[in-house]
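S.K.: coords below, sequence missing:
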């Protein structure tokens, strides 16, 4: 049972960490299905080592700490006697699973969502372009498959965790691109709409204003 727990518990802890930390979630969402298993195994080993070092430090600081901690080891299905090797393993696995549960969320508090997202898309030119347009408040020109063209401001980045990716724009102009020459002809000016939105923003109703006029463009990304 002890040997099996030394394999299963770190894997569970690593899986929990990988599924809760924004950076690993974004990277896993952009890769094949096996990446999650490799990440869980890698994080599990790292967490097991951290748990071992933590117990060594705490035991040196407080004699008997392992015995106190191992009293909760029943959650792991272990019932070692005090002072035995099994008790030390139970304490190690308990700290491991605790690290796995809270570690990813703790890192999220430190890093937020912006930095992990930028790191995850560092090799994705289109998503970097979208993010740059948001950061610099610049409009984007988007051409759809049917030749429809929109120029507008990106409302939010493409969600890497969503099954169906989409680009949300607040349009400024729209028109068509000629299939023969590639020249763009703008037919609609949304300036009056933008003025209305600006007035509603001034009245502190920005979410309703933006949501009313935003357009949603499905996006297919290949990694």
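M.R.: Happy to help now that I have it. All values derive from a computational prediction rather than experimental measurement.

S.K.: can you list the domains in the protein?
M.R.: Structural domains assigned to the chain are 2-119, 124-218, following automatic domain parsing.

S.K.: phi, psi of residue 182?
M.R.: Recorded main-chain torsions at residue 182 are phi 80, psi 0, according to degrees, to the nearest 10.

S.K.: remind me which residues of this protein are low pLDDT?
M.R.: Within the chain, the stretches with pLDDT under 70 are 1-2, 32-33, 59-87, 192-213, 221-223.

S.K.: just the strands in it please.
M.R.: With DSSP state E applied, the chain shows strands at 139-143, 148-156, 166-177, 184-189, 215-218, listed in chain order.

S.K.: could I get the ones you listed as CSV with distance to residue 101?
M.R.: Every C-beta, even on glycine, is put in place using the N, C-alpha and C of the backbone. Rendered in CSV, the data for the strands of the chain read as follows (distance: least, CB to CB, whole Å):
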stretch, distance to residue 101
strand 139-143, 40
strand 148-156, 29
strand 166-177, 32
strand 184-189, 52
strand 215-218, 36
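
S.K.: Out of those, which gets nearest to residue 13?
M.R.: Proximity to residue 13 (CB to CB) singles out strand 148-156 among those, at 32.4 Å.

S.K.: The closest one packs against which elements?
M.R.: Based on contacts counted as 3 or more CB pairs under 8 Å, 6 or more residues apart in numbering; DSSP states H and E, the elements that strand 148-156 packs against are helix 125-135, strand 139-143, strand 166-177, strand 184-189, strand 215-218.

S.K.: Give me whichever of those is most buried.
M.R.: Scoring those by mean neighbour count under mean count of other CB atoms under 10 Å gives strand 166-177 as the most buried, with a mean of 18.

S.K.: now what about that one, what contacts it?
M.R.: Outside strand 166-177, the residues that touch it by CB atoms under 8 Å, 6 or more residues apart in numbering are 130, 139-140, 142-143, 147-156, 158-159, 183-191, 194, 197, 210, 213-219.

S.K.: quick one on the thing from earlier: and the domains of the chain, which is most packed in?
M.R.: Scoring those by mean neighbour count under mean count of other CB under 10 Å gives domain 2-119 as the most buried, with a mean of 17.

S.K.: chain center to it, what's the gap?
M.R.: Domain 2-119 has its average C-alpha position 19 Å from the chain's average C-alpha position, going by CA atoms, centre = their mean, to the nearest Å.

S.K.: Tell me which stretches of the chain form helices.
M.R.: Ranges of helices within the chain are 2-20, 22-29, 34-61, 65-70, 85-111, 114-120, 125-135, 191-202, 206-213, based on DSSP state H.
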